[in-house]
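Asks: Return a 3D structure for these sequence lines:
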Amino acid sequence: MPVAEMTIAEKLLPEFDTEYANTRKFLALVPDDKLTWKPHEKSMELGRLAWHISDFPSWCAGTLKSDDLKFTSGDGEKMKNDWVGKTREQMLARFDADLKDAHAALLATSDDAMAHNWKMEWDGQAIIDEPRIDAYRKWVINHMVHHRAQLGVYFRLSGIPVPGCYGPSADEM
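Replies: Numbering: from 1, shown residues only. Purely as a prediction, here's the structure:
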């Protein structure tokens, strides 16, 4: 009997599980007393960065379940401040609740749907317009890893031990 070929989603699932678990380890260390700290005037505040990271499961589900996402300048202004007053526990609750939906959305995404274009617009201008699998890898997984690494730098500069992701960190040796 022939072995069934794995779907793209099934092939992506181990990476999904690893990267989201690693990201959750970082969010669990966000210090409520340093949410307004930032390493440079051009940098995001630690709380804003962590709140953005906590949204990646929702971003993932949206990318997999719909064909487009449209933002306006007003949405951008709201996103700059929607983290204010949030705590680490609220960030973790948001992340955990949305992660179940993201996991299910990934497994429900067919190979044909992965090949279908996904588009993000800002004030009517296309910012992303590429196959869903590329949007998923770049704008969901890689984007999340990028911001998680930024959070690691914030931790290092704040004296918070940095957890390891792909083996132990210098703080875990």
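Asks: make it CA atoms for all contacts and neighbour counts henceforth
Replies: OK.
Asks: those helices in the protein, which residues are they?
Replies: Per DSSP state H, the chain carries helices over the ranges 8-27, 46-54, 56-65, 73-81, 88-108, 111-115, 132-135, 143-158.
Asks: Would you reformat those as a markdown table and include distance to residue 172?
Replies: Formatted as a markdown table, the helices of the chain follow (distance: least, CA to CA, whole Å):
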| stretch | distance to residue 172 |
| --- | --- |
| helix 8-27 | 13 |
| helix 46-54 | 22 |
| helix 56-65 | 26 |
| helix 73-81 | 34 |
| helix 88-108 | 22 |
| helix 111-115 | 38 |
| helix 132-135 | 33 |
| helix 143-158 | 13 |
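Asks: could these go into CSV alongside mean neighbour count and distance to residue 125?
Replies: Listed next are these as CSV, based on neighbours: other CA atoms under 10 Å; distance: least, CA to CA, whole Å:
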stretch, mean neighbour count, distance to residue 125
helix 8-27, 16, 29
helix 46-54, 23, 22
helix 56-65, 21, 18
helix 73-81, 11, 11
helix 88-108, 17, 26
helix 111-115, 15, 22
helix 132-135, 22, 17
helix 143-158, 17, 20
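Asks: Lowest average pLDDT across these?
Replies: Mean pLDDT is lowest for helix 73-81 among those, at a mean of 81.
Asks: That one to helix 46-54, inter-axis angle?
Replies: 120 degrees (axes from the mean of the first three to the mean of the last three CA atoms, to 10 degrees).
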